[in-house]
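Asker: Prediction below, plus the sequence it came from.
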Amino acid sequence: MKIAKEFNWEMGHRLPFHEGKCKNLHGHSYKCMIEVTGEPDSNGMVIDYFDMKKIIGPIIDELDHSFMVSRNDLEVLEFLEKINSQKVVVDFDSTAENICIYLLSKIKAAGLPQNVSAVKARVFETENSYAEEEIKLQVKN
Ligand SMILES: [Zn+2]
């Protein structure tokens, strides 16, 4: 069984390596569909939607109205510090693919119910483009 919940946030970023528009400072209204796979528990739930929000909400809140910046993007990092703007410093360039992996690792670290066997993140950078990744989890009996 699979269930999913949508999350939204606004975030600035740039891709320093990009030769087109994406090297500029800009932002997106990100959307993410988090899909959880597992056998329903005795209550008939894979995971309670409220629990999903409790686990994933804080991860998204940290990103909302912040600027995601790579540790290696020193000029932008220095600028954000100078103007005291909210930032999320990461070890990667903020492509939709990497944000997917980032979200999944955060969700995995936060912990999910024992019956959950996989989590999938589909990150929409724009309305019509997304990246998707799934991780398998060990089901505990
Ligand atoms: Zn972008």
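Answerer: Cool, got the structure.
Asker: For residue 56, which residues are in contact?
Answerer: By Cβ atoms under 8 Å, 6 or more residues apart in numbering, the contact set of residue 56 is 5, 7, 34, 103, 107, 110. To be clear about C-beta, it is placed using only N, CA and C from the backbone, and glycine gets the same treatment.
Asker: quick check, nearest of those residues to residue 124?
Answerer: Closest approach between the contacts of residue 56 and residue 124, by Cβ to Cβ: residue 7, at 10.4 Å.
Asker: list the contacts for the spatially most central residue of the chain?
Answerer: Nearest to the mean C-alpha position of the chain, counting by Cα atoms, centre = their mean, stands residue 103 at 3.3 Å. By Cβ under 8 Å, 6+ apart, the contact set of residue 103 is 32, 34, 56, 59, 121, 123.
Asker: what's the distance between the residue of the chain positioned farthest from its centre and residue 80?
Answerer: The C-alpha centroid of the chain is most remote from residue 42, which lies 29.5 Å away (Cα atoms, centre = their mean). Distance, residue 42 to residue 80, by Cβ to Cβ, to the nearest Å: 48 Å.
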